[in-house]
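Engineer: I would like the atomic coordinates for the input below:
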Amino acid sequence: MTRLTTLVFLLMLAYQTSAAPLIARVDRTQLSLDETVELTLEVGGTTVFGKPDLQPLDSLFKVFGTRQLSQLSGSNGEARAITKWLITLQPRQTGYVIIPPLQLGDWRSEPITLNVSESSAEDGDKLAPIFIDSSLDQDNVYVQAQVVLTLRIYHSVSLYDDSTLSPLQMSDALVERLGEPRTYEKDINGIRHGVIEIRYALFPQQSGALTIPAQLFSATTVAATGDYYGSRFGKSTQVKSPEIPLQVKPKPADYPADAPWLPATSLTLVEAWSPQPQEAQLGEALTRSLLVKADGLSSAQLPPIETPSVPGLRRYPDQPSLNDAVTDDGVSGSREQRAALVATRAGDFVLPAVELVWWNTTEDRLERTTLPERPLQVAENPELQQPSIENSAAAQPQLQAQTLWAWQLSSAVLALTTLLGFGLWLRARSQPAVIRTVQSGPTPRSLLDDLKRACLANDTQATRHALDAWARQQPETLADMAARFIPLSDALDGLNGALYSETGQRWQGEALWQAIQNLPTAHAATTEQETGALPPLYPR
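Structural biologist: Residues are numbered from 1 along each chain as shown. As a prediction, this is how the structure comes out:
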């Protein structure tokens, strides 16, 4: 029993270890020697005691501070504990620097590679407490091609969290912000600055000279001194970014006129099948997926992929799927088209080649990305095979016999129905011309009982319906009866008042029922009944 308990404990420990790994990530992978990067270590799904061993970082980084956060997250109705450590690092050397695996108990994180460059010599001139640096990844760009704008806000003073940046709006270009702002630190001329970095993807919509407008950054700086009560004063500051000129080139003259304009840094076209083409059978659907992915274009700019029709193959397209992803180089758009192919006959088919024409903005040349022709062999489906000619010839006499038997049966049924109709006609001639109909529906007694139950139940709606049904069976109208019998008129006024006011719940139906019971019989002149008229009211 002790060995079994020990084994169960070890299995639970191994499950917890595999279910809660130590995840490491950084806010960026490219930085200069005098900048900082924030390393995040995260453990989820279990309670963590202790902290990770940061000693392997000392030889490669300066560790400026470590913060620990604990929080709960909900998933599928269950709470999950998450523990994070936020570590600010500054590299000690340039080149590719690897953040080594870090240890926390039995958990180890994965290594992360950083690209560290030399510090810029131009940074020594920028000594203002707050300033903005704007830059483009290229000065010349084709129309509708992507250009990335990077805005960096440097501040050597502390700021309150009320800082704002005016939105970037351009009437002749599409603007898309690339992710959330990133914050880090950088040494400039021996002074440590905080940096707020915002990136935009711009897509100019017309050629010619284009000016990227300035943006206004507003913030409140934290004063170094406070009053006697310990509160801190702040000073409002506004800084503008510089305007940046951009030259937009038109579409090249040698670009095909009948092809959609696709300026991208790279473009790929791939296909996928479900099931595989080798498993194609007659009457069964094959799903073909065509995926085009372009770096430097949004998914909205990607045109539909034209696929010519093939005789003998029916095509049922699905709605395209559009997706945009943010990368270090900007926007990467993708478009996926799915279509079901169903063969109407077995045999060999050839799917035509699919070609996309685009302009390589990196190499500045025309490119063609092609999917080659694909042969498709559709096999016979055993479940759909037709009977052979020999079997059909043998079954033909039997089929003719069945057809003859069906014709004889239908003739016999027709003759029988004709005789039956003639007999019914003869019987109808012997009957009288007019047959007294028997009255159907509720009897006066049942209507009076329904009216009694509704009145004694003090139900206004049911009483109204029962009263109308009873009155329709009487020789005179309800208004005539109320006109010659005052108690009935008063009781009807009370019922109508209860129906069209808020006093319906307090209405008492006893008075109406007594009035119905005590209603005198009409005069003989008005109550003469023809043959078949209703009998007088039943006694209580």
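Engineer: Let me see the contact set for the nearest residue to residue 286 once chain neighbours are set aside.
Structural biologist: Nearest residue to residue 286, sequence neighbours excluded (CB to CB, 6 or more residues apart in numbering): residue 341, at 4.6 Å. C-beta: built from backbone N, CA, C; applies to glycine. When contacts are counted by CB atoms under 8 Å, 6 or more residues apart in numbering, residue 341 touches 285, 286, 287, 288, 313, 314, 315, 316.
Engineer: do that again at 7 Å, thanks
Structural biologist: With contact taken as CB atoms under 7 Å, 6 or more residues apart in numbering, residue 341 is in contact with 285, 286, 288, 313, 315.
Engineer: Now do the same for the nearest residue to the fourth one once chain neighbours are set aside: helix, strand or coil?
Structural biologist: When you say that, I think you mean residue 313. Leaving out its chain neighbours, the residue that sits closest to residue 313 by CB to CB, 6+ apart is residue 341, at 5.3 Å. State at residue 341, reduced to three classes by DSSP: H, G, I helix; E, B strand; the rest coil: strand.
Engineer: follow-up on the earlier one: next, format the contacts of residue 341 as CSV and append pLDDT, secondary structure and distance to residue 179.
Structural biologist: Shown next, in CSV, are the contacts of residue 341 (pLDDT from 0 to 100; DSSP: H, G, I helix; E, B strand; the rest coil; distance: CB to CB, whole Å):
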residue, pLDDT, secondary structure, distance to residue 179
285, 85, strand, 40
286, 88, strand, 39
288, 92, strand, 34
313, 89, strand, 43
315, 88, strand, 39
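Engineer: On the pLDDT front, check residue 218 for me.
Structural biologist: For residue 218, the model assigns a pLDDT of 91.
Engineer: correct me, but it touches residue 238?
Structural biologist: Yes - Residue 218 sits in contact with residue 238 when judged by CB atoms under 7 Å, with a separation of 5.0 Å.
Engineer: Spell out which residues sit in contact with residue 485, please.
Structural biologist: Listed by CB under 7 Å, 6+ apart, the contact set of residue 485 reads 515, 519, 520.
Engineer: By neighbours, which of these wins?
Structural biologist: Note: the member of those with the most neighbours is residue 515, at 20 neighbours, neighbours being other CB atoms under 10 Å.
Engineer: Surely that residue is within a helix?
Structural biologist: Yes - assessed by three-state DSSP, residue 515 belongs to a helix.
Engineer: and it, how far is that from residue 498?
Structural biologist: According to CB to CB, to the nearest Å, residue 515 stands 15 Å off from residue 498.
Engineer: just residue 167 next, same as before
Structural biologist: Distance from residue 167 to residue 498, counting by CB to CB: 64 Å.
Engineer: Give me the more crowded residue out of those two.
Structural biologist: More crowded of residue 167 and residue 498, by other CB under 10 Å: residue 498, with 21 against 9.
Engineer: For the residue nearest to residue 327 when sequence neighbours are not counted, the count of nearby residues, please.
Structural biologist: Taking CB to CB, 6+ apart, and ignoring the residues beside it in sequence, residue 327 has residue 295 as its nearest neighbour in space, at 7.3 Å. Burial of residue 295, expressed as a neighbour count using other CB under 10 Å, amounts to 19.
Engineer: Quick check: residue 522 touching residue 476?
Structural biologist: Yes - taking CB under 7 Å as the contact criterion, residue 522 and residue 476 are neighbours in contact, 5.9 Å apart.
Engineer: which ones are touching the residue nearest to residue 327?
Structural biologist: Contacts for residue 295 were tallied using CB under 7 Å, 6+ apart; they are 264, 265, 266, 329, 332.
Engineer: Now a PyMOL select for only the buried ones of these.
Structural biologist: A single PyMOL command is used to select the members of these judged buried by 16 or more other CB atoms under 10 Å:
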select buried, resi 264+265+266+332
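Engineer: for this protein, which spans come out with low pLDDT?
Structural biologist: In the prediction, the chain carries residues with pLDDT under 70 at positions 1-20, 45-47, 72-80, 120-127, 224-234, 384-404, 431-441, 500-505, 523-540.
Engineer: domain parsing for it?
Structural biologist: Structural domains annotated on the chain: 17-117, 122-224+233-249, 263-382, 444-517, as defined by automatic domain parsing.
Engineer: now the second one: how far from the chain's centre is it?
Structural biologist: Right, domain 122-224+233-249. Distance of domain 122-224+233-249 from its chain centroid, counting by CA atoms, centre = their mean, to the nearest Å, is 34 Å.
Engineer: And the first one, by the same measure?
Structural biologist: Using CA atoms, centre = their mean, the mean C-alpha position of domain 17-117 is found 33 Å from that of the whole chain.
Engineer: Could you do the third one as well?
Structural biologist: What separates the centre of domain 263-382 from the centre of its chain is 24 Å, taken as CA atoms, centre = their mean.
Engineer: can you give me the end-to-end distance of that domain?
Structural biologist: Using CA to CA, to the nearest Å, the gap from the first to the last residue of domain 263-382 comes to 50 Å.
Engineer: Quick check: beta-bridge partners of the residue nearest to the spatial centre of the chain?
Structural biologist: Using CA atoms, centre = their mean, the residue of the chain that lies closest to the mean C-alpha position is residue 321, 12.2 Å off. On the basis of DSSP bridges, residue 321 takes part in beta bridges with residue 336.
Engineer: Kindly export stretch 513-524 (C-alpha atoms) in CSV.
Structural biologist: Extracted as CSV, the C-alpha positions of stretch 513-524 are listed here (Å, rounded to 0.1, in the frame of the first residue of the first chain):
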residue,chain,number,x,y,z
TRP,A,513,-75.5,35.4,-12.6
GLN,A,514,-78.5,36.4,-10.5
ALA,A,515,-79.6,38.8,-13.2
ILE,A,516,-79.4,36.1,-15.9
GLN,A,517,-81.4,33.7,-13.7
ASN,A,518,-84.1,36.3,-12.9
LEU,A,519,-84.3,37.6,-16.5
PRO,A,520,-88.1,37.6,-17.4
THR,A,521,-89.4,35.9,-20.5
ALA,A,522,-89.9,38.2,-23.5
HIS,A,523,-93.5,39.0,-24.7
ALA,A,524,-95.3,36.4,-26.8
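Engineer: If we go by neighbour counts, what in that stretch is buried?
Structural biologist: In terms of neighbour count (16+ other CB under 10 Å), stretch 513-524 has its buried residues at 513, 515, 516, 519, 522.
Engineer: follow-up on the earlier one: out of the contacts of residue 341, who's nearest residue 379?
Structural biologist: Of all those, residue 286 has the smallest distance to residue 379: 12.0 Å, by CB to CB.
Engineer: Any idea how many residues pack against that closest one?
Structural biologist: 20.
Engineer: Check residue 376 too.
Structural biologist: That count, for residue 376 with other CB under 10 Å as the rule, works out to 20.
Engineer: And residue 288, by the same measure?
Structural biologist: Residue 288 sits with 20 neighbouring residues when counted by other CB under 10 Å.
Engineer: and it, what is it in contact with?
Structural biologist: 271, 273, 339, 341.
Engineer: what about the last one, distance to residue 407?
Structural biologist: Meaning residue 341. 44 Å.
Engineer: repeat for the second one
Structural biologist: Remark: distance between residue 273 and residue 407 (CB to CB) = 52 Å.
Engineer: which of the two has more neighbours?
Structural biologist: Using other CB under 10 Å, the more surrounded residue of residue 273 and residue 407 is residue 273, with 16 against 10.
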